[in-house]
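> Structure for this input, please:
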Amino acid sequence: MKLPIFTERLMLRKLTNEDVDNIFLLDSNPEVMKYVGVPPTTEKGESARMLENIINQYQNNGTGRLAVIEKETSQFIGWSGIKLLTDEVNGFKNVYELGYRFLPEFWGKGYATESALASLDLGFNQLNADKIYAYADVGNESSNHILTKLGFENKGTFLDKGDVCNWYELEKINRKN
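Residues are numbered from 1 along each chain as shown. Modelled structure (predicted):
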């Protein structure tokens, strides 16, 4: 991966162990975790283990979630990126998946879309993916809207950790941007 990635308002960079406070702030927030399918994190050690997993993904799979930094303030606002699904999700395994998570004070500003576009560019042009997948809880209207706006096609629903989710697919040849 050629990093960092710069967009108009954002910088996307690899997450590091120094991001443990940022990840804990994000994943301990009940609003952020509402549609994730797991309860909010209660211990910083959980965030440290998640970071270790992401750092291993960079080394083992050549990609993973990236820290999203607001350029104007240099503030961590969330994460976005492409990861390789190494555990089966909805019958799919070893495919690239787009995901993002942001602090609530940065919702509704277009950051998820902006970072997702940069992530899709990385997936299609650096990782040479033919298809990228994504999924979102059916109740998460904002995330479902973003994925549709990005050109993802809803391929139906499935059950993930007890929650009904929409499964999306975006083919490189059908990409809008």
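> Now residue 144: closest residue in space, sequence neighbours ignored.
Counting by Cβ to Cβ, 6 or more residues apart in numbering, residue 144 lies nearest to residue 136, which is 5.1 Å off, once chain neighbours are set aside. Any C-beta I mention is one placed from the backbone N, CA and C, and that applies to glycine too.
> That neighbour: what secondary structure?
With DSSP: H, G, I helix; E, B strand; the rest coil as the basis, residue 136 sits in strand.
> count of neighbours near it?
24 (other Cβ atoms under 10 Å).
> Okay, and the beta partners of it?
Going by DSSP bridges, residue 136 is paired in beta bridges with residue 166.
> Could you pull up the residues touching it?
35, 143-144, 147, 165-166, 168 (Cβ atoms under 8 Å, 6 or more residues apart in numbering).
> Strands - which of those residues land there?
Using DSSP state E, the members of the contacts of residue 136 that fall within strands are 165-166, 168.
> got CSV for those residues, with pLDDT, distance to residue 68 and neighbour count too?
As requested, the ones in strands among the contacts of residue 136 are exported to CSV (pLDDT from 0 to 100; distance: Cβ to Cβ, whole Å; neighbours: other Cβ atoms under 10 Å):
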residue, pLDDT, distance to residue 68, neighbour count
165, 97, 22, 24
166, 98, 23, 20
168, 98, 20, 23
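> Out of those, flag the one nearest to residue 25.
residue 165 (24.9 Å; Cβ to Cβ).
> Could you point out the longest strand of the chain?
In the chain, with assignment by DSSP E, the single longest strand is strand 75-85.
> what packs against that strand?
strand 10-14, helix 20-27, helix 44-61, strand 66-70, strand 95-102, helix 111-121 (3 or more Cβ pairs under 8 Å, 6 or more residues apart in numbering; DSSP states H and E).
> Packed most tightly, which of the ones you listed would that be?
Ranked by mean neighbour count, the helices and strands packed on strand 75-85 are led by strand 66-70 with a mean of 24 (mean count of other Cβ atoms under 10 Å).
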